[in-house]
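predicted structure and sequence below. I'll ask about it afterward.
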Amino acid sequence: MSLTSEQVNKIAHLARLGIDASDVDAYARDLSGILDLVAQLDAQQTDQVLPMAHPLDQAQRLRADVVTEEDQRELFQALAPQVEEGLYLVPKVIE
């Protein structure tokens, strides 16, 4: 697909970009090349290609699932204004 200088100026206006008049032909050539590449990619048959989440089949490295802090629940609940059966009691805010 070949873009004209008028089309490039319209695209620049819609995107609110300021382009020098001397650069319009270069932008038209570059954008036309990009659109040609997209057309080539669109022409490829991908019906049998399975979608991938990532191009490399790698497993995520995970840290060990170990406890790193001591249980301070009793200490924190001792500081709370109201606690019942291990739960914090708060005033009702929604009617």
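Arrived safely, thanks for sending.

just the residues contacting the lengthiest helix in the chain, thanks.
If you go by DSSP state H, the chain has its longest helix at helix 24-43. For helix 24-43, the external contacting residues (CB atoms under 8 Å, 6 or more residues apart in numbering) are 1, 2, 3, 4, 5, 7, 8, 9, 11, 12, 19. The C-beta positions use only the backbone N, C-alpha and C, and glycine is treated the same way.

what about the residue positioned nearest the centre of the chain, which SS state?
Centroid-nearest residue in the chain, with CA atoms, centre = their mean: residue 53, separated by 13.3 Å. Here residue 53 is coil, with the state taken from DSSP: H, G, I helix; E, B strand; the rest coil.

endpoints of stretch 41-50, how far apart?
Across stretch 41-50, the terminal residues are separated by 16 Å (CA to CA, to the nearest Å).

what separates it from the chain centre, distance-wise?
Its chain's average C-alpha position is 24 Å from that of stretch 41-50, according to CA atoms, centre = their mean, to the nearest Å.

do a quick rundown of the helices in the protein.
Using DSSP H, helices in the chain cover 5-14, 24-43, 73-79.

who does the first one touch, helix- and strand-wise?
In terms of contact count using 3 or more CB pairs under 8 Å, 6 or more residues apart in numbering; DSSP states H and E, helix 5-14 is assigned the packing partners helix 24-43.

residue 90 is nearest to which of the helices of the chain?
helix 73-79 (13.0 Å; CB to CB).

can you give me the buried ones in the closest one?
For helix 73-79, the neighbour count (16 or more other CB atoms under 10 Å) marks no residue as buried.

quick one: contacts of that helix?
Residues contacting helix 73-79 (CB under 8 Å, 6+ apart): 83, 86, 88.

least confident of those?
pLDDT is lowest at residue 86 among those; the value there is 91.

next, that one: phi, psi?
Dihedral angles of residue 86 (phi, psi; degrees, to the nearest 10) stand at phi 80, psi 10.

pLDDT score for residue 28?
Looking at residue 28, its pLDDT is 95.

same question, residue 60
At residue 60, the pLDDT value in this model is 81.

got any ranges where this protein has weak pLDDT?
For the chain, no stretch has pLDDT under 70.
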